[in-house]
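Asker: Using only what follows, build the 3D model:
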Amino acid sequence: MPGTMPADTAQDRPLTPAARRVLQAANELFYERGIGSVGMELIAAQAGVTKKTVYDRFGSKDALILAYLRARDERWREFLTGRLAAVPDARERVLATFDALGDWLSTESARGCSMVNACAELPDPGHPVHAVAAEQKAWIRDLYAGLTGDAAGALADQLLILHEGAVVAFSVGGVRDAAAKARAAADAIIPDTGLPDTGLPSGR
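Answerer: Residues are numbered from 1 along each chain as shown. Reported below is the predicted structural model:
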């Protein structure tokens, strides 16, 4: 039943080697082919395990979808915060989010945002993928709010919209330099001074 997850899922206990292979297979297949077109049999075959092993470890396809999205999101957060940690200037750190986004789109996310794709395939707002996606977008917005010291949130909203728009322009519109164009737009709205030398969030 959509919206209902088993109590004991992949995020509750350490991944075995077989479970890691299942999650890697799910990551590749769900992202490249779409969630709806990929069955558990195909995931099991690519991972080199039985379908029973997939269900024993993840419980259901919905639970595996959530594990895939959370693992992908964690990799993105680690990539982004790692890039930002190397930028000492507060203003340049905000702009560096778009540099990192451009690199991520080119190497890891040619088909667009996995969260948005999952929500499009599973449109029921009660399905848990929508909560996971909302959490991820809230994290990006909060990151911008922290980097800019934007307590009211207007600037953070604008930067989030530029960020998300760049993803769509790249993956759907074929604008290969979408992140660079979003960076230029961000450069025009970020204050020249007064940004906090804030710490960065860590992980999920």
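Asker: list the contacts for residue 121?
Answerer: The contact partners of residue 121, taken as C-beta atoms under 8 Å, 6 or more residues apart in numbering, are 34-36. Every residue, glycine included, has its C-beta placed from N, CA and C.
Asker: try 6 Å this time
Answerer: Residue 121 is in contact with 35-36, counting by C-beta atoms under 6 Å, 6 or more residues apart in numbering.
Asker: what's the distance between it and residue 182?
Answerer: 25 Å (C-beta to C-beta, to the nearest Å).
Asker: next structured bit after the longest helix along the chain?
Answerer: The longest helix of the chain (DSSP state H) is helix 61-85. Using DSSP states H and E, the helix or strand that follows helix 61-85 towards the C-terminus is helix 90-107.
Asker: List the buried residues for the longest helix of the chain?
Answerer: 61-73, 76-77, 79-81, 83-84 (16 or more other C-beta atoms under 10 Å).
Asker: Which elements pack onto that helix?
Answerer: helix 17-33, helix 90-107, helix 128-148 (3 or more C-beta pairs under 6 Å, 6 or more residues apart in numbering; DSSP states H and E).
Asker: between those, which gets nearest to residue 172?
Answerer: Evaluated over these, closeness to residue 172 peaks at helix 90-107, with 11.8 Å, by C-beta to C-beta.
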